[in-house]
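> task: produce atomic coordinates for the following.
(one chain, ligands or ions: 2)
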Amino acid sequence: MEEFILSIDQGTTSTRAILFDHQGKLRYVSQREFPQYFPHPGWVEHDAKQIWNTVIEVVQSLFIENNIKPEQIKGIGITNQRETTVVWDKITGEPIYHAIVWQSRQSQDICDQLIDEGYSEFIQKKTGLLINPYFSASKIRWILDHVEIKDKNNLLFGTIDTWLVWKLTGGKVHVTDYSNASRTLLYNIHELKWDQELLDLFDIPSSMLPEVKDSSYIYGYSDETLLTGLHFKAPISGIAGDQQASLFGQTCFHDGDVKNTYGTGCFMLMNTGNKPVSSKNGLLTTIAWGIDGQVTYALEGSVFVAGSVMQWLRDGLKLFDNVLESENMARQLNDNDGVYLVPAFVGLGTPYWDNDARGTMFGLTRGTSRNHIVRAALESIAYQSKDVIETMKEEAHITLDHLSVDGGATSNDFLMQFQSDILNTSIVCPQVKETTALGAAYLAGLAVGFWKHQEEIAKMHSIMKTYQPSMKEDLRKKYYQGWLKAVEATRVFK
Ligand SMILES: Nc1ncnc2c1ncn2[C@@H]1O[C@H](COP(=O)(O)OP(=O)(O)O)[C@@H](O)[C@H]1O
Ligand SMILES: O=P(O)(O)OC[C@H](O)CO
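Numbers count the residues shown, from 1 in each chain. Ligands and ions are numbered 1, 2, ... in the order given. Purely as a prediction, here's the structure:
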């Protein structure tokens, strides 16, 4: 009977269950989108119970539709949208508020106060992060401030990995891994512990926090009564935040290896080995993973709105019915004709970290068509990634001979070719596009002996497609200068 690792990839817009075989090949996938809630401008929320339901649905349909027997599963890997914050009551098992999503800005005031009080350096030294509503700490504080609570002692906090493990184990295990802990603004990435001074600063009881473990580790077993009718008991043996998981899935195992993921947002991570490299230019220092008690660090550039700008064009502006159409629309034009879209819907991330910036469009004329707006949106994804790469080059003194990419939006050929042109660098797409899920599967497989070591995994990595730059230097410069001007103007207009 064939054996698999089950990977659960809980992303910002959808949940996927994927089976990988011993060769690291993607064999079966099941996926469900779930509702996004925007209760106020700049706020983004999910219903944690709906998220859990999508997990049950995708796992069940994966098994039933492909006739998979539970005993074929040798381990479960979980990877998740990071920072998104759930607080629930451990007695009732009920979340006390919606999950506050990483993109949400509702805890801005809490962050502004700490910045005004001069805590930025103090917090960056301990966590490698900036004071920003993006990270979990101010979201927890916001929930504690805004929800009527009967007994604080019964509350548990978790990022989505923690919530899912707790649900999968029938409420027995409250745990996270180093990569997710490092995104909370409460974890000391040098001492590898929850930091009491930060807990005091945000006034968060330590009793709410999960235990922090390696990213490849047997955390517990799935409760067989939960996934109805499947009698499904398997070790949960890998956890990593989705961006770190894709770094692992791209086999960026060595100091200096870089990848960029094009999903809801864009996240570029560089492996920095066993050294946390601190940034002066708006990059984040974070934990990539922990294996056998050894932590690997990464430097990260974060773009808040990338693929989601295409969803806005589809759902908000109704410029097309399917994001796949965007490629053809952009190709109708030979030039951007000076039209720029800066999708700062929830502010700007690396390198600007401007929470107050909002989306803007420039260069409109009577000749501007839907195609121009679509092209400008796709170009904005590439320009934002260039902003991050330029910062990384400056900060880490790297020369990049290629960029490994993954994520939903990499299926857009126009975008990938434009990215290659604007960076003047080749872009390399792996055979397995679901690199995030693959990384979590690798971590889970290593813990249960499905794969023996990282070298075995590295040998399985293969490339599907490479894009080569073909744009003339003067045009490349003109396009990027236009973008920088558009960003500057966006930041003035507040
Ligand atoms: N062909 C495409 N062109 C542009 N964007 C796309 C395309 N296909 C998917 N996307 C975008 O990619 C995102 C989905 O990618 P995915 O990696 O699944 O994201 P996440 O894990 O954040 O949910 C969506 O925001 C979607 O708009
Ligand atoms: O859902 P994604 O893939 O865009 O990832 C979201 C990130 O983890 C947020 O930090």
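
> buried ones in the helix ranked longest in the chain?
If you go by DSSP state H, the chain has its longest helix at helix 370-396. Buried residues in helix 370-396, defined by neighbour count with 16 or more other CB atoms under 10 Å: 371-389, 391-392, 395. (Glycine included, C-beta is placed from N, CA and C.)

> wait, does the next helix-or-strand element following that helix make contact with ligand 2?
Per DSSP states H and E, the first helix or strand lying C-terminal to helix 370-396 is strand 402-406. No. Shown here: strand 402-406 not in contact with ligand 2 (CB under 6 Å from any ligand atom), separated by at least 9.8 Å.

> just stretch 408-428 next, same as before
No. Using CB under 6 Å from any ligand atom, stretch 408-428 never reaches ligand 2; the gap is at least 8.1 Å.

> circling back to that earlier point, report all helices and strands that the longest helix of the chain contacts.
Judged by 3 or more CB pairs under 8 Å, 6 or more residues apart in numbering; DSSP states H and E, helix 370-396 is in contact with strand 258-262, strand 266-271, strand 294-303, helix 307-311, helix 325-331, strand 340-342, helix 413-423, helix 473-492.

> same list, those, but as a markdown table with mean pLDDT please.
Converted to a markdown table, the helices and strands packed on helix 370-396 look like this (pLDDT from 0 to 100):
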| stretch | mean pLDDT |
| --- | --- |
| strand 258-262 | 95 |
| strand 266-271 | 95 |
| strand 294-303 | 95 |
| helix 307-311 | 95 |
| helix 325-331 | 97 |
| strand 340-342 | 98 |
| helix 413-423 | 97 |
| helix 473-492 | 96 |
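
> can I get the ones you listed in JSON lines including distance to ligand 1?
JSON lines is the format used below for those (distance: least, CB to the nearest ligand atom, whole Å):
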{"stretch": "strand 258-262", "distance to ligand 1": "6"}
{"stretch": "strand 266-271", "distance to ligand 1": "10"}
{"stretch": "strand 294-303", "distance to ligand 1": "12"}
{"stretch": "helix 307-311", "distance to ligand 1": "3"}
{"stretch": "helix 325-331", "distance to ligand 1": "5"}
{"stretch": "strand 340-342", "distance to ligand 1": "14"}
{"stretch": "helix 413-423", "distance to ligand 1": "6"}
{"stretch": "helix 473-492", "distance to ligand 1": "18"}
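
> in a markdown table, list the ones you listed along with mean neighbour count.
Below are these laid out as a markdown table (neighbours: other CB atoms under 10 Å):
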| stretch | mean neighbour count |
| --- | --- |
| strand 258-262 | 26 |
| strand 266-271 | 26 |
| strand 294-303 | 23 |
| helix 307-311 | 22 |
| helix 325-331 | 18 |
| strand 340-342 | 26 |
| helix 413-423 | 22 |
| helix 473-492 | 15 |
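
> quick one: closest of the ones you listed to D356.
Among those, helix 473-492 comes nearest to D356, with 8.4 Å by CB to CB.

> ok so, going back, using JSON lines, lay out the helices and strands packed on helix 370-396 together with distance to E191.
Shown next, in JSON lines, are these (distance: least, CB to CB, whole Å):
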{"stretch": "strand 258-262", "distance to E191": "27"}
{"stretch": "strand 266-271", "distance to E191": "21"}
{"stretch": "strand 294-303", "distance to E191": "11"}
{"stretch": "helix 307-311", "distance to E191": "35"}
{"stretch": "helix 325-331", "distance to E191": "46"}
{"stretch": "strand 340-342", "distance to E191": "39"}
{"stretch": "helix 413-423", "distance to E191": "37"}
{"stretch": "helix 473-492", "distance to E191": "36"}
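
> can you say which of those is nearest to N153?
Smallest distance to N153 across the helices and strands packed on helix 370-396 (CB to CB): 31.1 Å, for strand 294-303.

> now the closest one and strand 258-262, what's the angle there?
Angle of strand 294-303 versus strand 258-262, following axes from the mean of the first three to the mean of the last three CA atoms, to 10 degrees, is 50 degrees.

> parallel or antiparallel, list what pairs with strand 294-303.
strand 266-271 (antiparallel), strand 284-291 (antiparallel) (DSSP bridges).

> how many neighbours does the residue in the chain positioned nearest to ligand 1 have?
Taking CB to the nearest ligand atom, ligand 1 has its nearest neighbour within the chain at G408, 2.1 Å off. For G408, the number of neighbouring residues by other CB atoms under 10 Å comes to 19.

> contacts only, for it.
Under the criterion of CB atoms under 8 Å, 6 or more residues apart in numbering, the neighbours of G408 are 262-263, 307.

> do you know how far it is from I427?
To I427, G408 is 15 Å away according to CB to CB, to the nearest Å.

> tell me where the stretch 201-350 of the chain is predicted with low confidence.
225-231 (pLDDT under 70).

> flag every residue of it that's near ligand 2.
Within the stretch 201-350 of the chain, the positions near ligand 2 by CB under 6 Å from any ligand atom are 241-243, 263-265.

> circling back to that earlier point, so which of the helices and strands packed on helix 370-396 comes closest to D145?
strand 294-303 (25.6 Å).

> what about the residue lying closest to W194 once chain neighbours are set aside, how many residues nearby?
Distances taken as CB to CB, 6 or more residues apart in numbering place L209 nearest to W194, at 5.4 Å, with adjacent residues excluded. Around L209 there are 21 other residues, counting by other CB under 10 Å.

> how close does L209 get to L26?
Separation of L209 from L26 (CB to CB): 34 Å.

> kindly report the same for E434.
Distance from E434 to L26, by CB to CB: 6 Å.

> compare those two and say which is more crowded by neighbours.
Taking neighbours as other CB under 10 Å, E434 and L26 compare with E434 leading, 23 against 17.

> my read: that one touches R27, true?
No. Using CB atoms under 8 Å, E434 is not in contact with R27, being 11.2 Å away.

> hang on, the earlier thing: can you narrow the residues of the stretch 201-350 of the chain next to ligand 2 to ones near ligand 1?
Answer for these near ligand 1 (CB under 6 Å from any ligand atom): 263-264.

> widest-spaced pair of the residues of the stretch 201-350 of the chain next to ligand 2?
The distance between the two most remote of those (CB to CB) is 13.7 Å, for G241 and T264.

> what number of residues lie near E121?
E121 has 9 neighbouring residues, counting by other CB under 10 Å.

> and after the helix or strand where it lies, which helix or strand comes next?
For E121, the host element (DSSP H and E) is helix 120-127. Using DSSP H and E, the helix or strand that follows helix 120-127 in sequence is helix 136-146.

> which ones are touching V147?
Per CB under 8 Å, 6+ apart, neighbours of V147: 87, 96-97.

> is it true that G24 touches T435?
No. If you go by CB under 8 Å, G24 and T435 don't touch, sitting 10.6 Å apart.

> who in this protein is up against ligand 1?
11-14, 263-264, 307-308, 310-311, 323-324, 326-327, 407-409, 411-412.

> before we move on, the earlier item: relative to I73, which of the strands paired with strand 294-303 is closest?
Closest among those, using CB to CB: strand 284-291, at 21.5 Å.

> going along the chain, name the strands of the stretch 151-300 of the chain.
155-158, 175-177, 187-188, 193-194, 211-213, 216-221, 235-241, 258-262, 266-271, 284-291, 294-303 (DSSP state E, counting those that start in this stretch).
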